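> fold the following.
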Amino acid sequence: MARAATTSDAFNAVAEPRRRDILEYLAGGERAVGELVARFGIEQPSVSKHLKVLRQVGLVRVRRHGRQMFYQANPEGIRPLHEWTKTFERLWANQLLRVKERAEQKAKLRHSVEE
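Predicted coordinates:
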């Protein structure tokens, strides 16, 4: 089965590691394209292509100021990603609780052996 196009939805767009890096950097605030080029050490056309994909699926917003383009993360566009990952919070909480319980049991056993 062929994979969906990267522009079909936010999940496919962030499947590409470089786009995740860019999105994470933009979460820190609005950035000019030149800042992204300098930050990631890739050519401007590549950065622009990644930004276009992120913009098409609604993960980033763009603002033009003169000849410069400024991008920022779009919280509303990121919401579906966040909501989906939240479904796994219980799983991780349960895993951590089990690790804690095992560690406490081992500590009790060691303590009782030492006595």
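> where does this protein have low pLDDT?
1-7, 115 (pLDDT under 70).
> same thing but 50
Across the chain, nothing is flagged by pLDDT under 50.
> the strands in it, which residues?
Ranges of strands in the chain, per DSSP state E, are 31-32, 60-65, 68-73.
> among these, which comes closest to Tyr25?
strand 31-32 (6.7 Å; Cβ to Cβ). Any C-beta I mention is one placed from the backbone N, CA and C, and that applies to glycine too.
> that closest one: partners in the sheet, and parallel or antiparallel?
strand 68-73 (antiparallel) (DSSP bridges).
> so how far is the partner strand from its chain's centroid?
18 Å (Cα atoms, centre = their mean, to the nearest Å).
> what of stretch 19-39?
On Cα atoms, centre = their mean, the centre of stretch 19-39 falls 12 Å from that of its chain.
> OK, contacts around Arg39?
By Cβ atoms under 8 Å, 6 or more residues apart in numbering, the residues touching Arg39 are Tyr25, Arg31.
> any idea how far it lies from Arg79?
25 Å (Cβ to Cβ, to the nearest Å).
> hang on, the earlier thing: in CSV, list the strands of the chain along with mean neighbour count.
Formatted as CSV, those follow (neighbours: other Cβ atoms under 10 Å):
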stretch, mean neighbour count
strand 31-32, 16
strand 60-65, 14
strand 68-73, 17
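> how about the ones you listed, which one is nearest Asn12?
strand 60-65 (15.1 Å).
> which residues does the closest one contact?
Contacts for strand 60-65 (Cβ under 8 Å, 6+ apart): 23, 26, 30, 51, 54-55, 69-74, 77.
> since we're on Leu51, how many residues are nearby?
Around Leu51 there are 22 other residues, counting by other Cβ atoms under 10 Å.
> quick check: closest non-adjacent residue to it.
Spatially, and ignoring its direct neighbours in sequence, Leu51 is nearest to Tyr71 (5.7 Å; Cβ to Cβ, 6 or more residues apart in numbering).
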